[in-house]
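Colleague: Give me a model of this one.
(2 chains)
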2 protein chains.
Amino acid sequence: MLPQEWRFALGETMNNKIEMEPIGLIHTPYFEHRDIPIQGRFKPEVEAWLEVEKKYESGLMDLEGFSYAILLYIFHGSDKVMMTGRPFLEDTSHGIFSIRSPHRPNHIGLSVVRVICVDGCCLHFSNVDMLDKTPLLDIKPYVSHFDSFSDASNGWIDKHFENGKTPGRATRKNTKDFE
Amino acid sequence: MLPQEWRFALGETMNNKIEMEPIGLIHTPYFEHRDIPIQGRFKPEVEAWLEVEKKYESGLMDLEGFSYAILLYIFHGSDKVMMTGRPFLEDTSHGIFSIRSPHRPNHIGLSVVRVICVDGCCLHFSNVDMLDKTPLLDIKPYVSHFDSFSDASNGWIDKHFENGKTPGRATRKNTKDFE
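Modeller: Next up, the predicted model:
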């Protein structure tokens, strides 16, 4: 049983809806889920760009000095919320919070992309793994001092990357369907 | 000038408000902004926990196999949106999308935390850098094969980490105020 004060806090927060607005739009060459690599790193030659609304242009200042940026966006191709899912790399289901499936509460997607350049309201990048016309929620600088943990154990995923290989199912086309 | 179809798409998306709901709550020993380290990594001994709503409990399955998890949450201590900000590490302002300030559009926070264990609806973790009672939006597994880029250049930040040192301003207490 949770302490009284925590239950109270949880109850209070749960009643709060949070309203967000896209800050811009992401343009990619991927028009269907099945064309997207499971992570952009597996198709590094593909480039894409995003535009932020004019009022956010000055927020892009200094971003070009970073090799990578973290994009947060809406999985606008999904309207389902599931508690488990079968990832593209295998046939076993896992909890939604241990996979990167779009069918999650709040439908927020996260990708670490490689910064090419900033031009006005636009950021050009590679390591692309989202659909065309994806609504953008935020951009954060990727900071290797905070965000890079090369020593991590990666649960059910590690077995697919043994010996430094890219897994056979690196694009969704190779799997039966989009899940 | 953007192609017609893209301008159309951007205009359409900008009119869409997105409604989100917290999936749970984060409990930490930090009750004031000034006590929080600029990144949890600088105070690895501090532990915290989060609880997800009962209906999301099964989504935590298999997360314990990962060393790290990415938490997305609301910067509920901020009601400002700024396009530039002065980060805690220095006195120069930078674009909001090249700093990790809470005063950003949509107020989404992101932390990579170290997984200690999962117990029912709760995840216990270290690398804590958020306020107590922070509303949680999502949990994703941190996958070093996708998310770790140790070779990154980190713009204005790198000079503070030269020679592998932790910067002097590693906690906010050392800076003049909360910005």
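
Colleague: From now on I want contacts and neighbour counts done on CA atoms only, so please keep to that.
Modeller: Noted.

Colleague: Quickly list what the spatially most central residue of chain A is bridged to.
Modeller: With distances taken as CA atoms, centre = their mean, residue A:110 lies nearest the centre of chain A, 2.0 Å away. Beta-bridge pairing for residue A:110 (DSSP bridges): residue A:72.

Colleague: what does the one 5 residues further on give?
Modeller: Per DSSP bridges, residues listed as beta-bridge partners of residue A:115: residue A:125.

Colleague: so who does it touch?
Modeller: A:64, A:66, A:67, A:68, A:69, A:123, A:124, A:125, A:126 (CA atoms under 8 Å, 6 or more residues apart in numbering or on different chains).

Colleague: tally of neighbours for the fifth one?
Modeller: Per other CA atoms under 10 Å in any protein chain shown, the neighbour tally for residue A:69 reads 23.

Colleague: That one contacts residue A:117, correct?
Modeller: No - applying CA atoms under 8 Å, one finds residue A:69 not in contact with residue A:117, separated by 11.2 Å.

Colleague: Could you report the neighbour count for residue A:82?
Modeller: 15.

Colleague: phi, psi of residue A:25?
Modeller: The phi/psi pair for residue A:25 (degrees, to the nearest 10) reads phi -140, psi 140.

Colleague: That one: neighbour count?
Modeller: 26.

Colleague: same deal with the one 5 residues further on?
Modeller: Residue A:30 is surrounded by 18 other residues when neighbours are defined as other CA under 10 Å.

Colleague: now residue A:89
Modeller: Neighbours of residue A:89 (other CA under 10 Å): 18.

Colleague: Tell me if it really is in a helix.
Modeller: No - Residue A:89 is assigned coil when assessed by DSSP: H, G, I helix; E, B strand; the rest coil, not a helix.

Colleague: Residue B:62 versus that one, what's the distance?
Modeller: 15 Å (CA to CA, to the nearest Å).

Colleague: Kindly report the same for residue A:70.
Modeller: From residue A:70 to residue B:62 the distance is 24 Å (CA to CA).

Colleague: try residue A:155
Modeller: 7 Å.

Colleague: repeat for residue A:110
Modeller: For residue A:110 relative to residue B:62 (CA to CA), the value is 20 Å.

Colleague: Could I get the buried residue list for stretch A:117-128?
Modeller: Of the residues in stretch A:117-128, A:117, A:118, A:121, A:122, A:123, A:124, A:125, A:126, A:127, A:128 count as buried by neighbour count, 16 or more other CA atoms under 10 Å in any protein chain shown.

Colleague: Kindly apply the preceding question to stretch A:28-35 instead.
Modeller: For stretch A:28-35, a neighbour-count test (16+ other CA under 10 Å) marks A:28, A:29, A:30, A:33, A:34, A:35 as buried.

Colleague: likewise stretch A:30-50?
Modeller: Applying 16+ other CA under 10 Å to stretch A:30-50 flags A:30, A:33-43, A:46-50 as buried.

Colleague: if we can go back for a sec, identify the residues contacting the residue nearest to the centre of chain A.
Modeller: So residue A:110 contacts A:70, A:71, A:72, A:73 (CA under 8 Å, 6+ apart).
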